[in-house]
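Visitor: Take a look and give me a structure for this.
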Amino acid sequence: MYKATYKSPQVEAMLTAVTGVDRVKTIESGHCVNCSLAVSGFKNDICLQEYLISGRCQVCQDEVFDKSDHC
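Guide: Okay, the predicted model is just below:
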């Protein structure tokens, strides 16, 4: 369904250590690395791209980013 963006193995290991979840597996299963809920859609393509980079669902993106941002 979703394909996570590539990051070096060292970066992936650091992200897993910090978050406690495997970013790639979580994204590819269609879940959020932050809240663990299944993703249900995105406001636009930029928000979808952010999900493929960070693994954060739309709700979590809205909590992190300023509402004036694209996501």
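Visitor: Helices of this structure, residue ranges please.
Guide: Per DSSP state H, the chain carries helices over the ranges 9-19, 23-28, 45-54, 58-64.
Visitor: Now the closest residue to Val59 other than its chain neighbours. Its backbone dihedrals?
Guide: Nearest residue to Val59, sequence neighbours excluded (Cβ to Cβ, 6 or more residues apart in numbering): Cys35, at 7.0 Å. For every residue, glycine as well, the C-beta is placed using N, CA and C. Main-chain torsions, Cys35, degrees, to the nearest 10: phi -100, psi -10.
Visitor: Begin at 750, not 1, for the rest of this chat.
Guide: Shifting the count to begin at 750 puts that one at Cys784.
Visitor: With mean neighbour count added, can I get the helices of the chain in TSV?
Guide: Putting the helices of the chain into TSV (neighbours: other Cβ atoms under 10 Å) gives the following:
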stretch	mean neighbour count
helix 758-768	12
helix 772-777	18
helix 794-803	16
helix 807-813	16
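Visitor: Please produce CSV containing those helices, extended by mean pLDDT and distance to Lys752.
Guide: Output for these, formatted as CSV (pLDDT from 0 to 100; distance: least, Cβ to Cβ, whole Å):
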stretch, mean pLDDT, distance to Lys752
helix 758-768, 96, 14
helix 772-777, 97, 7
helix 794-803, 96, 7
helix 807-813, 93, 18
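Visitor: Dump the ones you listed to TSV, plus distance to Met750.
Guide: Output for the helices of the chain, formatted as TSV (distance: least, Cβ to Cβ, whole Å):
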stretch	distance to Met750
helix 758-768	20
helix 772-777	7
helix 794-803	11
helix 807-813	15
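Visitor: For stretch 765-779, C-alpha coordinates in CSV please.
Guide: Once non-C-alpha atoms are left out, stretch 765-779 reads as follows in CSV (Å, rounded to 0.1, in the frame of the first residue of the first chain):
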residue,chain,number,x,y,z
THR,A,765,13.9,2.8,15.8
ALA,A,766,15.8,3.3,19.0
VAL,A,767,14.2,6.7,19.6
THR,A,768,10.6,5.8,18.7
GLY,A,769,10.6,2.1,19.6
VAL,A,770,9.0,1.1,16.3
ASP,A,771,10.4,0.2,12.9
ARG,A,772,9.5,3.2,10.6
VAL,A,773,9.5,1.2,7.4
LYS,A,774,7.4,-1.7,8.7
THR,A,775,4.9,0.7,10.3
ILE,A,776,4.5,2.9,7.2
GLU,A,777,4.2,-0.1,4.9
SER,A,778,1.5,-1.5,7.2
GLY,A,779,-0.4,1.8,6.9
